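Asker: Sequence and predicted structure are below.
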There are 2 protein chains.
Amino acid sequence: MIPPSVLRARNAMVTRQAILDCARVRLREEGYDAASLREIAACAGVDAALVSRYFGSKEELLLEVLQTGGPPMELFSGPREGFGERVADLLVCAPPDDSKLDCLIIILRSLSSQAAAEAIRNSSRSNFYAPLVEWLGGPEAKIKATMIAAIMKGVTLTRFMDEGFGFSEAEMALFRDRLAETLQRVVDG
Amino acid sequence: MIPPSVLRARNAMVTRQAILDCARVRLREEGYDAASLREIAACAGVDAALVSRYFGSKEELLLEVLQTGGPPMELFSGPREGFGERVADLLVCAPPDDSKLDCLIIILRSLSSQAAAEAIRNSSRSNFYAPLVEWLGGPEAKIKATMIAAIMKGVTLTRFMDEGFGFSEAEMALFRDRLAETLQRVVDG
DNA sequence: GAGCCAAGTCAACGAGCGATGACTTGTATA
DNA sequence: TATACAAGTCATCGCTCGTTGACTTGGCTC
């Protein structure tokens, strides 16, 4: 698109970060298979060969995006009361490009990719499931964590794959409240 | 793989159905983008060109699979009591290749495909959301249907993308019960 | 048994993909 | 200012995909 020299000096670190940022956006919007290296490179204003050079392979690029673009960990560290509210608010009301959602959306949009399957599974496990189990604690932690993660995935999937819920503002608020209640009930047992 | 003449006479209707069956399996296992026409054709014992010939295009093949392979409609027609139990039992305990899950799994595995996006959205809407809204009725039908559909998708996604829940038999039963309660509470408001 | 027409195959197309290695360009240092 | 080396580009490889049109094959009819 635009020659990189116009936008930035020849600085490997800066360019690398630009590629990483573009990769996160493209992966979030299109998923692993559909987001091509050429497209990511064009978005960052470099040649596709440079992406392979810096990150080794497309899969390693994905891994780095998933590692650096952290998930909403703070959700799983606060007090138990208000958990449902916090999560529901993020999933339903946060702006679509909120970086806290990046990791989750990339995972959902890349589900069908065989090439990325292992990376996606690992990220899902280490970024969501494991911290959630630890935060919950108790005998039914695994069951509760699975339920909460499933609901979070399902709601996010509905929001971003169907391009919004198709709700009025009032319905949106009501849905958020119902979701908050449902999640909180799972947490509280 | 195997020349079709060995398996069946030259019968267009039979061959067509064989392709349709194989397409359903491959689409369920791999999603729209990853399931190639060559692979589907090989599974049915014919040449890939025949698939294009019979169905026009890959997308039309998907449409026919989604239309003929019905979703678990009966879930949305029974009495309200026991709804949670019925759904939870299907999603958690049904064998992985239960045809009642085909449509849902194909949708989930094809989410990231741009080519199939519209077909997937339409199928999701007409096969799940719309009948669910109608079955629920009442003022909060849309909110409830969205919540239930989201939970169903999330649980199915967790089960089939992560290759099972990773539960013991006891945990599985407990998870099914908790899921049934959660769903029933949404239905009952 | 001959011939016709549908059923099915085969070869090839154009496009897009990730990756590679040789090449060019800019910049910091001497 | 000359030069060395990193930063970035370019051409190209091999592969797979969906689709197309010309071809071959087999079964039913007369």
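Answerer: Everything's here; your move.
Asker: and stretch A:155-174, what's its mean pLDDT?
Answerer: Average pLDDT, stretch A:155-174: 93.
Asker: Can that stretch be said to contact chain B?
Answerer: Yes: using C-beta under 8 Å from any C-beta of the partner chain, we find that stretch A:155-174 touches chain B at A:Val155, A:Leu157, A:Thr158, A:Met161, A:Asp162, A:Phe165, A:Phe167, A:Glu171, A:Leu174. Yep, even glycine has a C-beta here, placed from its N, CA and C like the rest.
Asker: ok, residues contacting stretch A:177-189?
Answerer: A:80, A:83-85, A:87-89, A:91-92, A:136, A:138, A:140, A:144, A:147-148, A:151, A:155, B:140, B:143-144, B:147, B:178, B:182, B:185-186 (C-beta atoms under 8 Å, 6 or more residues apart in numbering or on different chains).
Asker: mind running it again at 7 Å?
Answerer: With contacts defined as C-beta atoms under 7 Å, 6 or more residues apart in numbering or on different chains, stretch A:177-189 is touched by A:80, A:83-85, A:87-88, A:92, A:136, A:140, A:144, A:147-148, A:151, A:155, B:143, B:147, B:182, B:186.
Asker: Equivalent analysis for stretch A:13-30, please.
Answerer: For stretch A:13-30, contacts defined as C-beta under 7 Å, 6+ apart pick out A:4, A:8, A:35, A:39-40, A:43-44, A:46, A:51, A:54, A:61-62, A:64-65, A:68-69, A:102, A:105-106, A:109.
Asker: which of the contacts of stretch A:177-189 are buried?
Answerer: A:83-85, A:87-88, A:92, A:136, A:140, A:144, A:147-148, A:151, A:155, B:143, B:147, B:182, B:186 (16 or more other C-beta atoms under 10 Å in any protein chain shown).
Asker: ok so, going back, among the residues of stretch A:155-174 next to chain B, which one sits closest to DNA strand C?
Answerer: Nearest to DNA strand C among these is A:Met161, at 20.5 Å by C-beta to the nearest atom of the strand.
Asker: The contacts of stretch A:177-189 in helices, which ones?
Answerer: Among the contacts of stretch A:177-189, DSSP state H puts A:83-85, A:87-88, A:136, A:144, A:147-148, A:151, A:155, B:143, B:147, B:182, B:186 in helices.
Asker: Would you mind measuring from A:Cys93 to A:Glu181?
Answerer: A:Cys93 is 16 Å from A:Glu181, where distance means C-beta to C-beta, to the nearest Å.
Asker: Please identify which of those two sits among more neighbours.
Answerer: Relative neighbour count places A:Glu181 above the other of A:Cys93 and A:Glu181, with 15 against 11, counting by other C-beta atoms under 10 Å in any protein chain shown.
Asker: what about the more buried one, distance to A:Glu85?
Answerer: Computed as C-beta to C-beta, the A:Glu181 to A:Glu85 distance reads 9 Å.
Asker: now the helix or strand A:Ala23 falls within: mean pLDDT?
Answerer: With elements taken from DSSP states H and E, the one containing A:Ala23 is helix A:12-34. Taken as a whole, helix A:12-34 carries a mean pLDDT of 96.
Asker: Indicate whether that helix makes contact with DNA strand C.
Answerer: No: using C-beta under 7 Å from any atom of the strand, helix A:12-34 never reaches DNA strand C; the gap is at least 7.6 Å.
Asker: Report the buried residues of that helix.
Answerer: Quick answer for helix A:12-34 (16+ other C-beta under 10 Å): A:15-16, A:18-34.
Asker: Kindly report the same for stretch A:129-139.
Answerer: By neighbour count on 16+ other C-beta under 10 Å, the buried set for stretch A:129-139 is A:Tyr129, A:Pro131, A:Leu132, A:Val133, A:Trp135, A:Leu136.
Asker: Tabulate those residues (JSON lines), appending distance to DNA strand C.
Answerer: Below are those laid out as JSON lines (distance: C-beta to the nearest atom of the strand, whole Å):
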{"residue": "A:Tyr129", "distance to DNA strand C": "27"}
{"residue": "A:Pro131", "distance to DNA strand C": "30"}
{"residue": "A:Leu132", "distance to DNA strand C": "31"}
{"residue": "A:Val133", "distance to DNA strand C": "33"}
{"residue": "A:Trp135", "distance to DNA strand C": "36"}
{"residue": "A:Leu136", "distance to DNA strand C": "38"}
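Asker: Closest one of those to B:Ser123?
Answerer: Minimum distance to B:Ser123 across these is 28.9 Å, recorded for A:Tyr129 (C-beta to C-beta).
Asker: ok, that closest one to chain B distance?
Answerer: 9 Å (C-beta to the nearest C-beta, to the nearest Å).
Asker: which ones are touching A:Ile105?
Answerer: Counting by C-beta under 7 Å, 6+ apart, A:Ile105 touches A:Arg28, A:Thr156, A:Phe160.
Asker: which parts of the helix or strand harbouring A:Leu179 are buried?
Answerer: Secondary structure assignment for A:Leu179, by DSSP H and E: helix A:169-188. Using 16+ other C-beta under 10 Å as the test for burial, helix A:169-188 gives A:Met172, A:Leu174, A:Phe175, A:Arg176, A:Arg178, A:Leu179, A:Ala180, A:Thr182, A:Leu183, A:Gln184, A:Val186, A:Val187.
Asker: ok, now stretch A:51-68?
Answerer: Buried residues in stretch A:51-68, counted by 16+ other C-beta under 10 Å: A:Val51, A:Tyr54, A:Phe55, A:Lys58, A:Leu61, A:Leu62, A:Leu63, A:Glu64, A:Val65, A:Leu66.
Asker: in chain A, what residue is nearest chain B?
Answerer: Relative to chain B, the nearest point of chain A is A:Gly154 (2.6 Å; C-beta to the nearest C-beta).
Asker: Chain neighbours aside, what residue packs nearest to that residue?
Answerer: B:Gly154 (2.6 Å; C-beta to C-beta, 6 or more residues apart in numbering or on different chains).
Asker: wait, doesn't that neighbour sit right on A:Lys153?
Answerer: Yes: contact criterion C-beta atoms under 7 Å: B:Gly154 and A:Lys153 qualify, at 4.4 Å.
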